[in-house]
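In: Build me a structure from this.
(one chain, ligands or ions: 1)
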Amino acid sequence: MSKKPKFQLPTGMHDILPEEQKYFQKIYDVCETIANFYGFKKIDTPILEDTALYEKGTGLTTDVVQKQMFTLRTKGGDYLTLRPEFTPGVIRSYIEHGMQTWSQPVKLYSIGPVFRYEHPQAGRYRQFHQFNLEVIGESNAVIDAEVIQIFYNILQELKLKNLVVEINSIGDNQCRPYYKKLLMNYFKSREGALCADCRRRLKENPLRILDCKEEKCQREIRQAPQIIDHLCEECHHHFRGVLEFLDEIELPYRLNPYLVRGLDYYTKTAFEIFFETSQKTENKETFSRDALVGGGRYDGLIKLLGGEDTKAVGGAMGIERVIAAMKTKEVKVQKAVNPPVFLAQLGTMAKRKSLKLLEEFRRARIQVGESFGRDSLKAQLKMADRIGAKYTLLLGQKESLEGTIIIRDMITGKQDIVKLEKAVREIEKRLKR
Ligand code: AMP
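Out: Numbers count the residues shown, from 1 in each chain. You can find the predicted model right below:
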C-alpha cells in the first residue's frame, strides 16, 4: 500500500489538475462571450472583504454567515472574511466607486473562487467557483427575466439539457412581514415536528424553514401558507411581469411557492436553475437534481450597505456543479491542440542552437514540442509520434556544424535538409499547404 503523503488537501478543497482545466476554460469562454453580448463588464473584487460587510449584507441570520464563513484576524486586528458569495463585495465596490453616477443600469460580471465552511459531500466544496452577474440600477421586471435567460442560455450553450427553472416571489418589506407572521403561527403550532435547525430558524426567520431539506420538515412545509397568496399589489404586478417576459421568450419555468433562497437580502423575484437526471438500476429508477444557478432581486441591499436607494437583480452559477453535469451528460470538451512541429536535438551544440530556434518559432507563433532534457533521439522521436506532430525537426552534431536542419515529414517519412535560418519560414510554408 502506498504511504499517505505528509501534506494533503485541506478538507473540502480540490486541485484543478491540467486535465480538468479544459472544462473551466470552456465555461469561462461561454460565460464571458454571452455576458459581453448582453452588455456586462467584468469586475474583480478582492477575495477578502471586511467581515462586517457579509454580516450586514448576506445577513446575520443566514447559514452562510452563522456557520460557513472563513474568517481571519489580521496582524492589525481587523476581521476579514474569504468571500462566501460575490454580491456584497460587488455592491461595496459600486458604492465606493460612485457607480451610481454611471449610466444605469450598471451590468457587472465576475468569475472566481468562493469559500464556504460546509460539510463536504459530492458536489459540495469549501472552495468552489462561481460565475456571477449583477444588474444594478434597474427595477423593471424585464431585467429579472433577462438575468434568468442569460444563465439559461449559458447552460444551453454548454449543451446541457434537462434544465428546470424554478421561480417564486418572496415579496418585499410591504408584504413579507405579514406573511412571516402567518408562517410563524403556522410552524409554532407544529414546532414539535420540526428539526432542531428549524426550531432555531422559527425564532430567527421562519422563511428559512421553507428551505429545509429534512423529510419531516418537508411534510409540514407542504401544507404551509404560500407567499404568492399574500403579495402586495406592487410585488404581485412585478412577479406577473417577470412571468410574462419569460413566456414571451418561451423560457420554460416551474412556479415553486416555497423557493426562498438562503440569503437575507432578496426581494420579489427568487429563482434557481436545476439540472435533473434519472438513473435506472435493475427495476428501479432514481431521480436526482442539482442546483446549478441561484439568484434574485435585491432592491434593499444597496441602501442597507450605505448607498442610495437603488434596485438590483443578480445571480450566481456554480462552476464545479456545471462541470459535473457536463460529465454526466458526456458533453465533450475539445482537448488542447498538440503542437504541429517537434524539435529533436542531439549533442550539446545542437541543444544550444535548438533553444534559440525555439524562440524564433515562438515569435512566429508556431507551436513546437520539445524535450530538451532528453538525449536519446529514439525517445524524442517517440514523443513526436505521441503528440501527433506533422513535422519533426532534427538537429544533430553534423547539422549544427553545417548550419542546417533536417525536416522530417511524419506522414510520408520523407526528409529534407534546409538551412537553419530558413527553418521557420519553411515550416510556415508547409503548414499553410
Ligand atoms: P448560492 O449562492 O448558494 O445560491 O449558490 C449558487 C450556486 O453555487 C449553486 O446553485 C451551486 O451551483 C453553487 N454552489 C453553492 N454552494 C456550493 C458548494 N458548497 N460547492 C459547490 N458549489 C456550490
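
In: Count the neighbours of the closest residue to Asp78 other than its chain neighbours for me.
Out: The spatial neighbour of Asp78 that comes closest, neighbours along the chain excluded (C-beta to C-beta, 6 or more residues apart in numbering), is Asp50 at 7.3 Å. Every C-beta, even on glycine, is put in place using the N, C-alpha and C of the backbone. When neighbours are counted by other C-beta atoms under 10 Å, Asp50 registers 15.

In: Keeping just the C-alphas, turn the longest helix along the chain into CSV.
Out: Scanning the chain for the helix with the most residues, using DSSP state H, yields helix 18-37. Once side chains and other backbone atoms are set aside, the C-alpha atoms of helix 18-37 remain, and they are given as CSV (Å, rounded to 0.1, in the frame of the first residue of the first chain):
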residue,chain,number,x,y,z
PRO,A,18,-4.4,20.1,-16.0
GLU,A,19,-6.9,17.5,-17.5
GLU,A,20,-9.7,19.4,-15.7
GLN,A,21,-8.7,22.9,-17.0
LYS,A,22,-10.4,22.5,-20.3
TYR,A,23,-13.8,22.4,-18.7
PHE,A,24,-13.1,25.6,-16.7
GLN,A,25,-11.7,27.3,-19.9
LYS,A,26,-14.7,26.3,-21.9
ILE,A,27,-17.2,27.5,-19.3
TYR,A,28,-15.3,30.8,-18.8
ASP,A,29,-15.3,31.4,-22.6
VAL,A,30,-19.0,30.7,-22.9
CYS,A,31,-19.9,32.9,-19.8
GLU,A,32,-17.7,35.8,-21.0
THR,A,33,-18.9,35.7,-24.6
ILE,A,34,-22.6,35.7,-23.5
ALA,A,35,-22.1,38.3,-20.7
ASN,A,36,-20.4,40.6,-23.2
PHE,A,37,-23.2,40.2,-25.7
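
In: on that earlier part again, tell me, what's the model's pLDDT at the residue nearest to Asp78?
Out: pLDDT for Asp50: 97.

In: There's contact between it and Leu82 in this structure, I believe.
Out: No: if you go by C-beta atoms under 8 Å, Asp50 and Leu82 don't touch, sitting 12.0 Å apart.

In: could you measure whichever residue of the chain sits closest to the ligand against Leu53, distance?
Out: Closest to the ligand within the chain is Gly318: 2.2 Å, counting by C-beta to the nearest ligand atom. According to C-beta to C-beta, to the nearest Å, Gly318 stands 22 Å off from Leu53.

In: Tell me where the stretch 301-433 of the chain has strands.
Out: 312-318, 341-345, 368-370, 391-395, 404-409, 415-419 (DSSP state E, counting those that start in this stretch).

In: With adjacent residues omitted, what lies nearest to Gly396?
Out: Excluding its sequence neighbours, the residue lying closest to Gly396 (C-beta to C-beta, 6+ apart) is Leu346, at 4.3 Å.

In: List, one by one, the residues from the stretch 101-250 of the chain near the ligand.
Out: Along the stretch 101-250 of the chain, the residues adjacent to the ligand under the rule C-beta under 6 Å from any ligand atom are Arg116, Glu118, Gly123, Arg124, Tyr125, Phe128, Gln130.

In: could you flag which of the residues you listed are buried?
Out: Among these, those buried by neighbour count (16 or more other C-beta atoms under 10 Å) are Arg116, Glu118, Tyr125, Phe128, Gln130.

In: how deep is Asp294 tucked in, by neighbour count?
Out: Let me fix one detail, which is that residue 294 is Gly and not Asp. Other residues lying near Gly294 total 23 when counted by other C-beta under 10 Å.

In: Secondary structure element holding it?
Out: Secondary structure assignment for Gly294, by DSSP states H and E: strand 284-297.

In: Check Arg92 too.
Out: The secondary structure element spanning Arg92 is helix 87-96 (assigned by DSSP H and E).

In: Buried residues of that helix, list them for me.
Out: Taking 16+ other C-beta under 10 Å as the basis for neighbour counts, the residues of helix 87-96 that come out buried are Thr87, Pro88, Gly89, Val90, Ile91, Arg92, Ser93, Tyr94, Ile95.

In: Local confidence estimate at the third one?
Out: The per-residue pLDDT reported for Gly89 equals 98.

In: follow-up on the earlier one: what's the most distant pair in the buried residues of helix 87-96?
Out: Of all pairs drawn from these, the widest gap by C-beta to C-beta lies between Thr87 and Ile95 and measures 12.6 Å.

In: so what's Ile150 closest to, chain neighbours aside?
Out: For Ile150, ignoring the flanking residues on the chain, the nearest one in space by C-beta to C-beta, 6+ apart is Tyr38 at 5.6 Å.

In: Show the contacting residues for the one you found.
Out: Under the criterion of C-beta atoms under 8 Å, 6 or more residues apart in numbering, the neighbours of Tyr38 are Lys107, Glu146, Ile150.

In: Please consider this matter closed, and thank you.
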